[in-house]
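Colleague: Sharing a model that was predicted from the sequence below.
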Amino acid sequence: MNSACTFMGCESGHSEAGTVLFGAPFDSTSSYRAGSRFACGVMRSASYALETYSPYQDRDLGDIAVFDAGDLELSPGNAKKALDAIHRFTGKVLYDGKVPCMIGGEHLVTLGAVRAAAERFPGLAVLHFDAHADLRDDYLGERLSHATVMRRVWELVGDGRLHQFGVRSGCREELRWGEGHIETHRYGFSGLEATVERLSGTPVYLTVDLDVLDPSVFPGTGTPEPGGVSFAELLDAVLATVGLDVVGFDLCELSPPYDPGGNSAVTACKVLRELLLLHG
């Protein structure tokens, strides 16, 4: 593991922590703008621009115990080896009875963590916030890609257990395929409250691709997609997941090279703070 500093307020030791934060700096299948491998370190540094206290929840990161394990050392250019490393580490976190929280990296890294969660928790459901469906069976001949990650996740969890929100981009074939296999809510978070209610008592893995935000709000991402949600809408959606049995979660696709002012990084940190306070 490798880390120059910890995420704000995540300074507990491993033994007392209920949540283990770690980075997965991998972006080798990014199809448009690479750079998300730098997000982990940038977010740790940018987090100190924020308070550890959340006025939205009246909770402080000092109220919970989070261990920042640093970043995994992932093989650049080898998606299978990178996913295997994420799988192994996430599995160990779960075996220790702790909740894994992963900072990507491109969205493919989610597959490694979901593999471990699905092995540990039969009947796992996946709650997915994203601009892109990511349901292609392959992308330019590759089955392991940030454009195919949710198709691979579906292969793990099965029909009716993948729930997507915010989707506004995908090819015709993948979106039509999805209609018969998963629950997709396009363009925003309409229907989220009902989905959360149905998932009560079910183990859930929550994954947030930050490009669900509109590029006017969040330009620092690899595949910006106009027509997205506002920060307030994403925050409300995150807070709406309170009460779910979230056994693991991640935040992906901040690309610091396209965030010259640092605003996207601070936004990502604020979303992560709220996720940690809710599910950490």
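Modeller: Right, received. Where do you want to start?
Colleague: alpha carbons only for contacts and neighbour counts from here, please
Modeller: Noted.
Colleague: okay, now the residue nearest to residue 118 when sequence neighbours are not counted: neighbour count?
Modeller: Nearest in space to residue 118, with sequence neighbours left out and distances taken as CA to CA, 6 or more residues apart in numbering, is residue 124 at 5.7 Å. Other residues within reach of residue 124, judged by other CA atoms under 10 Å, total 22.
Colleague: Same check on the one 3 residues further on?
Modeller: Residue 127 sits with 22 neighbouring residues when counted by other CA under 10 Å.
Colleague: Who does the helix or strand harbouring it pair with, and is each partner parallel or antiparallel?
Modeller: Assigned by DSSP states H and E, residue 127 falls within strand 125-129. Applying DSSP bridges, strand 125-129 is found paired with strand 162-167 (parallel), strand 203-209 (parallel).
Colleague: how near is the residue lying closest to residue 227 once chain neighbours are set aside to residue 80?
Modeller: What sits nearest to residue 227 in space, not counting adjacent residues and going by CA to CA, 6+ apart, is residue 214, at 5.8 Å. Distance, residue 214 to residue 80, by CA to CA, to the nearest Å: 31 Å.
Colleague: With neighbour numbers in mind, choose between these two.
Modeller: Each of residue 214 and residue 80 has its neighbours counted (other CA under 10 Å); residue 214 has more, 18 against 12.
Colleague: My guess is that one contacts residue 232. True?
Modeller: No: counting by CA atoms under 8 Å, residue 214 sits too far from residue 232 to count as a contact (11.4 Å).
Colleague: would you say residue 100 is within a strand?
Modeller: Yes: membership of residue 100 in a strand is supported by DSSP: H, G, I helix; E, B strand; the rest coil.
Colleague: can you count the residues close to it?
Modeller: 28.
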